[in-house]
Structure formats: C-alpha cells, structure tokens
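structure for the following, please:
(one chain, ligands or ions: 1)
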Amino acid sequence: MKAYCFKCKAFQEMDFPVRVIMKNGRVGTRGACPVSGTKMFCISKGSAVEDKRT
Ligand SMILES: [Zn+2]
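Got it, this is the predicted structure:
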C-alpha cells in the first residue's frame, strides 16, 4: 500500500502496515516509510463495514 511521505515529499510503499479503525468508523492504514522511517497514515476509502467484505 502506498502512502504519501511528508519527509520524502513523495509516495512510498508503506512498511509494516497496520490497519486501524477510527472513531468515526473509517478505516485507515498506519505504517512507516521504508526510505526515511517517517510514520505514515493513509485513510482508506469506504467505511469499516464495507472493508470487512474483503
Ligand atoms: Zn519517507
């Protein structure tokens, strides 16, 4: 999964992606940039309910 790294100012393939569900029911993925080690966060499309189907 790719996410935008603010340190590299580019999209990087996320390292150690962990799925997180936010209080508002949206799903996101948290991980680290493999290049700079910066923490990344990417909000997925759709809700947590929809995400369970996959
Ligand atoms: Zn980076």
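
so residue 24 belongs to a helix, correct?
No. The assignment for residue 24 (DSSP: H, G, I helix; E, B strand; the rest coil) gives coil, which keeps it out of a helix.

how near is it to residue 1?
20 Å (Cβ to Cβ, to the nearest Å). Where you see a C-beta, it was placed from the backbone N, CA and C, and this is true even at glycine.

more neighbours: the two, which one.
Taking other Cβ atoms under 10 Å, residue 24 and residue 1 do not tie; residue 1 has more neighbours (11 against 7).

and residue 25, what's its pLDDT?
Looking at residue 25, its pLDDT stands at 87.

neighbouring strands - and their directions - for the longest strand seen in the chain?
Of all segments of type strand in the chain, defined using DSSP state E, the longest is strand 39-47. Strand 39-47 has the following strand partners under DSSP bridges: strand 26-32 (antiparallel).

now do the strand it pairs with: distance to the chain's middle.
On the basis of Cα atoms, centre = their mean, to the nearest Å, strand 26-32 sits 3 Å off its chain's mean C-alpha point.

list the buried residues in that strand.
In terms of neighbour count (16 or more other Cβ atoms under 10 Å), strand 26-32 has its buried residues at 27, 29, 31, 32.

equivalent analysis for stretch 10-25, please.
In stretch 10-25, counting by 16+ other Cβ under 10 Å, buried: 12, 14.

that stretch: how far from the chain's middle?
Using Cα atoms, centre = their mean, the mean C-alpha position of stretch 10-25 is found 2 Å from that of the whole chain.

now do that stretch: everything it contacts.
Contact partners of stretch 10-25, identified using Cβ atoms under 8 Å, 6 or more residues apart in numbering, comprise 1-5, 27-35, 40, 42, 47-49.

ok, and which of the residues you listed reach the ion?
5, 33, 35 (Cβ under 5 Å from the ion).

for the first one, which non-adjacent residue is spatially closest?
Yep, that's residue 5 we're talking about. Distances taken as Cβ to Cβ, 6 or more residues apart in numbering put residue 33 closest to residue 5, at 4.3 Å, once the chain neighbours are dropped.
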